[in-house]
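What follows is a predicted protein model with its sequence.
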Amino acid sequence: MTHPPKSAAPPPAGPVMPAAPGVPAQPGRPAPAGSPAPSARRTAFAEGVDRLRAAATTEPGRLRIIGAVLALLVVAFGAVTAWQASGRAAAADDVLHRSQPLSSGAAGIYRSLADANTAASSGFLAGGQESADSRDRYEKDIRTAAAGLVTAAANAEPGSASEAAISKLNTLLPEYKGLIERARTYNRQGYPVGGAYLRYANEKMQKEMLPAAEDLYTKENQRLDADYGNATPYPWLAIALGVLALAALGWAQQRTYRRTNRVLNHGLVAASGATAVALLWLVVGHAVARAELNGSYDHGIRSLTVLHDARIASLKARGNENLSLVARGAETITVDGRTYDTYYYAFDQDMTTLGKGLTRAGQLADDQGGRTPVKAAEGDMTVWKQRHASARTEDEDGNYQQALDKVIGAKGATGECFDGVDSDLARAIDHEQTEFQQAAVDGRDAMTGLPVGAAALAVLGAAGALFGIGRRLSEYR
């Protein structure tokens, strides 16, 4: 008699009890009380930390860690030294080849514009007898200013204040030339309106063009100051890393000596020597560069700035002296309740500025080559003031032709004194420019090769540190 098959019993509810190693898990049996829960998966970083901690408990492991840290410090020192030295060398090169030439170029634009205005007024006073030299001087100044604006525009940053000043001058320069040509045309024909056009051109120059040129000069000087600011600070981060690397190398050698009684470890000694040479090169090289660059600023840039300002003051004084005879009292100014001829008053102010500038330039000049032309300019200025006073007396007494002869005459005129002051200041500027060039070149050259040399020494130092530690590790094999 056959029995029907029994149906399979349903699996019991409840967790599956973990089986012993090698035995399949048996369902239906609860896990024993107090058994640990399965652990979460460890991260690679945590496992790396554990391995590092385990390695640090053995001397070979500690040596490997020390070697890695020493190599990292020396390489970091070399990298930071190369970075900071490269930045300062580039800034020093910018001082020499970019910002200072642009600053001088901006001063040249200002001077050329002011001199063109002076030459135009001198030619106007001569009337139909305008000399070819006066005309050529005016044309040369205009061409020089235009060329300077082209150079400045090529180096101006888009959207900067310098670009705006250059654009303004490029717009105003043709307008000014047109006014001067009209003044010349009417003057030759004997029309008094020519003087009005000349005064209008002078007003455009004094109130619009020269302020724009001065703004450009100021902006270029700010760029020059910024380049000096980037070239001269001490590389403190690189120095600190160099000291730290040397200290770590010294500690590693002391540790080796305490454990082995060996005085020298050739690899660590080589690493210390390479690091010390790089650090000394960095400190001495930058100290020399900083001293030379500061000298180029103190005895070059500062003197050049004062001399440029003095030369511009002399040009403005000469222009106002000429215009006082063109206007013939038509324009006056009231100061503190007193009325003065506008151009005579401006002349006095300009001469005061010139005198102060020459005094300051003499104080800044640090050798006879710089002091001699400044003293000559002071002598010419003194004679100029005396002759101007005589010409003014003639003008105020109604002796216009005598006054004119004392200003633009062939001999004994104030024009001779102005030319003397201008040439003296030009010689002083050339001398100070040479002084600047020499000091700036010395400052830049003091950092020549430092970035590459420091990087190479750092690589050698890191290799030496690894070699020295490797020799110690070989003793455990």
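Received, thanks. All values reported here derive from a predicted model rather than from experimental measurement.

How is Thr448 assigned, secondary-structure-wise?
In three-state terms, and counting by DSSP: H, G, I helix; E, B strand; the rest coil, Thr448 is coil.

likewise the one 5 residues further on?
Here Gly453 is helix, with the state taken from three-state DSSP.

Would you confirm that it contacts Trp281?
Yes - the criterion here is Cβ atoms under 8 Å, and Gly453 meets it with Trp281 at 6.4 Å. From N, CA and C alone the C-beta is placed, and that goes for glycine too.

Show the model's pLDDT score for Leu96.
Here the pLDDT value assigned to Leu96 is 90.

Distance of it relative to Ala152?
With distances taken as Cβ to Cβ, to the nearest Å, Leu96 is found 18 Å from Ala152.

Have a look at those two and say which one is more surrounded.
Taking neighbours as other Cβ atoms under 10 Å, Leu96 and Ala152 compare with Ala152 leading, 24 against 21.

Without its sequence neighbours, what residue ends up closest to that one?
Ile166 (5.4 Å; Cβ to Cβ, 6 or more residues apart in numbering).

Show me what whichever strand or helix holds that neighbour packs onto, helices and strands only.
Per DSSP states H and E, Ile166 falls inside helix 161-188. Other helices and strands packing on helix 161-188, by 3 or more Cβ pairs under 8 Å, 6 or more residues apart in numbering; DSSP states H and E, are helix 100-126, helix 132-155, helix 193-204, helix 210-231.

Next, the angle from it to helix 132-155.
Relative orientation of helix 161-188 and helix 132-155, computed by axes from the mean of the first three to the mean of the last three Cα atoms, to 10 degrees: 160 degrees.

what about the nearest residue to Asn221 once chain neighbours are set aside, neighbour count?
Using Cβ to Cβ, 6+ apart and skipping residues adjacent in sequence, the residue nearest Asn221 is Ser103, 5.3 Å away. Neighbourhood size, Ser103 [other Cβ under 10 Å]: 26.

now do Glu175
Glu175 has 13 nearby residues by other Cβ under 10 Å.

now the one 3 residues further on
By other Cβ under 10 Å, 12 other residues sit near Gly178.

For it, give its distance to Glu331.
22 Å.

ok, now how distant is Ala291 from Ala365?
20 Å.

Looking at the two, which one has more neighbours?
Using other Cβ under 10 Å, the more surrounded residue of Ala291 and Ala365 is Ala365, with 23 against 15.

Could I get the contacting residues of that one?
303, 371, 374, 428, 432 (Cβ atoms under 8 Å, 6 or more residues apart in numbering).

mind checking how far it is from Lys140?
Taken as Cβ to Cβ, the span from Ala365 to Lys140 is 29 Å.

you'd agree Ala76 is up against Leu241?
Yes - proximity of Ala76 to Leu241 meets the contact threshold set by Cβ under 8 Å, at 5.7 Å.

residue ranges with poor pLDDT in the stretch 101-250 of the chain?
128-130 (pLDDT under 70).

Looking at the chain, which helix is longest?
Secondary structure of the chain per DSSP state H: the longest helix is helix 59-94.

So which residues of the stretch 351-477 of the chain form helices?
In the stretch 351-477 of the chain, helices defined by DSSP state H, counting those that start in this stretch lie at 368-396, 400-408, 414-445, 450-474, listed in chain order.
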